[in-house]
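Engineer: Got a sequence here, can you model it:
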Amino acid sequence: MSTDTLERIARNKNVARAAARQLSMEQLHKLSEVIGEVIEQKQQEDHKRQAEEADKERKLAEIREAMSDAGLSMDDLMSEQPRKRRGRPPKKDKERKQ
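Structural biologist: Numbering: from 1, shown residues only. Got it, this is the predicted structure:
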C-alpha cells in the first residue's frame, strides 16, 4: 500500500470504510492494534523531541544570562572577520605583447 493510499484513507472516512470492507474482522482488529502501537511510538518520539528542545532553550537562556552577568555580548565572542584577499592579477599573455 502506497503512502498516497494511506493518506487518502486517513483523510476520508468513506475511503477508509471501503478499504475496511476488504478486510476480515480479525484483520481489522490486528490493524487497529498496529496503528495504536504506531501512534503511541510517535507520541513518545514527539515528547522526547519536545523535551530536548526545552532543554536546549533552557541551556541557551542560562548562557545568555551568564553572558549578561559577565557584561559580554555576541560581538565580544565573534573574532574579527578576516579580510578578504584580493585574487591574483591575471597573467600577462605573451602572445598579445608581440
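Engineer: avg pLDDT for stretch 1-20?
Structural biologist: The pLDDT scores in stretch 1-20 average 88.
Engineer: For that stretch, buried residues please.
Structural biologist: Counting neighbours by 16 or more other CB atoms under 10 Å, one finds that the buried residues in stretch 1-20 are 9, 19. Quick note: C-beta positions are derived from backbone N, CA and C, even for glycine.
Engineer: centre of the chain versus that stretch, how much separation?
Structural biologist: Chain-centre distance of stretch 1-20: 27 Å, with CA atoms, centre = their mean, to the nearest Å.
Engineer: measure it end to end?
Structural biologist: 13 Å (CA to CA, to the nearest Å).
Engineer: Other residues contacting that stretch?
Structural biologist: With contact meaning CB atoms under 8 Å, 6 or more residues apart in numbering, stretch 1-20 is reached by residue 28.
Engineer: start the count at 58, not 1, going forward
Structural biologist: Understood, numbering begins at 58; the last thing we discussed is stretch 58-77.
Engineer: and the longest helix for the protein?
Structural biologist: helix 82-127 (DSSP state H).
Engineer: Select the helix or strand of the protein having the lowest average pLDDT value.
Structural biologist: Least confident helix or strand of the chain, by mean pLDDT, DSSP states H and E, is helix 151-154 with a mean of 58.
Engineer: and residue 136, which of the three is it?
Structural biologist: coil (DSSP: H, G, I helix; E, B strand; the rest coil).
Engineer: need the contact list for it.
Structural biologist: Contacts of residue 136 (CB under 8 Å, 6+ apart): none.
Engineer: Equivalent analysis for residue 130, please.
Structural biologist: residue 124 are the contacts of residue 130 under CB under 8 Å, 6+ apart.
Engineer: do you know how far residue 67 is from residue 89?
Structural biologist: 14 Å (CB to CB, to the nearest Å).
Engineer: what kind of secondary structure is residue 80 in?
Structural biologist: Applying three-state DSSP: residue 80 is coil.
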